[in-house]
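A.B. asks: coords please:
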Amino acid sequence: MIKVGLIDDNYFLLNSYKEFLQDFSDISIVFTFMSLAELTKTMRQGLHIADPDVVLLDINQPKHAGNEGLQTILDAYPHTRIIMLSGDDDEKYIVQSLKAGASGFLIKNSKLMDIYSSIRDVYNSGACLSPKAAKKLIDHLKGNVSEQLAAKLTKREMELVNLLKEGLSYKEMAKRMYVSVYTINHHLKNIYQKLGVESKSELISKILQKTI
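C.D. replies: Numbers count the residues shown, from 1 in each chain. Predicted coordinates:
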C-alpha cells in the first residue's frame, strides 16, 4: 500500500486528486491539505499523521518560497518522496526542484492516470517528469556534463543515463533498451560505483549541479 499525502491550494484539484486516487486498491490517502502551513500546524498540535511514502506538493506555497516547502516536508519525513506540481514548466523550477531533492515534477494539467502512474514509479525508486519537463531537463544537461560522463561510462551506460534524464521507470528503461529490469539494476550499480553515488536521486543531483 502506497501512503500518499496531497497539498494543493486549488480546492477543486485537491479533491479531484483525492477522489481519483482513493479508488485504487494500492493507494491510501493519509492527508490532504490546502497549504503546508496547515500540515505544519497539525503536526505542532501533536495530531497523528501517518508518514507518507509519496507527497504531491504544489510548488506555490504561501510563506514558503520556491522549494522551502519541499525541504519542510523532507525535514519532517526524511524517507518521503516528493512530486512537485506546477502550473509553470519553466526550466528553472524543474532544475531547482530536482536539486532540492524532489523525485518528480509534473505540470498541473497532467492526466489523472499519469499522476497515478507517476506515484507508483516514484514509490518504486523511480523518478517522474512530465514530457515537457523532461525535454527542458535534457536541454539543460547538454554540453560539458555529457562529455564528462561519456569519458567515464560505456556507451551502454550513457544510453541508460540519458533515459534516466527522461524520468523513465526501471521497467520503461528496460523496454526501451530491450533488456530485463535486472540488467537495468546491474548497469545502474556500475554507474553509481564509477561516479561515486549511491542512488538515482544523488546521480541526478550531481549532474544538475555539474559536479560529476
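A.B. asks: and residue 32, that's in a strand?
C.D. replies: Yes. Read with DSSP: H, G, I helix; E, B strand; the rest coil, residue 32 is one of the residues of a strand.
A.B. asks: okay, it: pLDDT?
C.D. replies: Note for residue 32: predicted pLDDT of 95.
A.B. asks: For it, give its distance to residue 176.
C.D. replies: Computed with C-beta to C-beta, to the nearest Å, the distance linking residue 32 and residue 176 is 35 Å. In short, each C-beta sits where N, CA and C put it, glycine included.
A.B. asks: try residue 37
C.D. replies: Counting by C-beta to C-beta, the gap from residue 37 to residue 176 is 42 Å.
A.B. asks: could you give the mean pLDDT of stretch 111-126?
C.D. replies: The average of the pLDDT scores along stretch 111-126 is 86.
A.B. asks: Who has more neighbours out of residue 32 and residue 176?
C.D. replies: Neighbour tally, residue 32 and residue 176, criterion other C-beta atoms under 10 Å: the higher count belongs to residue 32, 18 against 15.
A.B. asks: Which residue, other than its chain neighbours, is closest to the more buried one?
C.D. replies: Distances taken as C-beta to C-beta, 6 or more residues apart in numbering put residue 6 closest to residue 32, at 4.6 Å, once the chain neighbours are dropped.
A.B. asks: So that neighbour is in contact with residue 34, correct?
C.D. replies: No. Shown here, residue 6 and residue 34 do not form a contact pair, counting by C-beta atoms under 8 Å, at 9.5 Å.
A.B. asks: Now for these two: what residues contact both?
C.D. replies: residue 14 (C-beta atoms under 8 Å, 6 or more residues apart in numbering).
A.B. asks: Counting neighbours, go ahead and name the busier of these two.
C.D. replies: Set residue 6 next to residue 34 and count neighbours by other C-beta under 10 Å: residue 6 wins out with 23 against 16.
A.B. asks: did I read that right, that one in a strand?
C.D. replies: Yes. Residue 6 forms part of a strand when assessed by three-state DSSP.
A.B. asks: Can you show me the helices along the protein?
C.D. replies: Using DSSP state H, the helices found in the chain span residues 11-21, 36-44, 68-76, 91-100, 112-123, 131-141, 144-152, 155-165, 170-177, 181-195, 200-208.
A.B. asks: With respect to residue 106, which of those lies nearest?
C.D. replies: Evaluated over the helices of the chain, closeness to residue 106 peaks at helix 112-123, with 6.1 Å, by C-beta to C-beta.
A.B. asks: How far away from the center of its chain is that closest one?
C.D. replies: Remark: helix 112-123 is offset 10 Å from the chain centroid, using C-alpha atoms, centre = their mean, to the nearest Å.
A.B. asks: same check, this time on stretch 4-16
C.D. replies: Mean C-alpha position of stretch 4-16 versus that of the full chain (C-alpha atoms, centre = their mean) differs by 17 Å.
A.B. asks: What mean pLDDT does it get?
C.D. replies: What stretch 4-16 shows for mean pLDDT is 93.
A.B. asks: now do stretch 76-91
C.D. replies: On average, stretch 76-91 scores 83.
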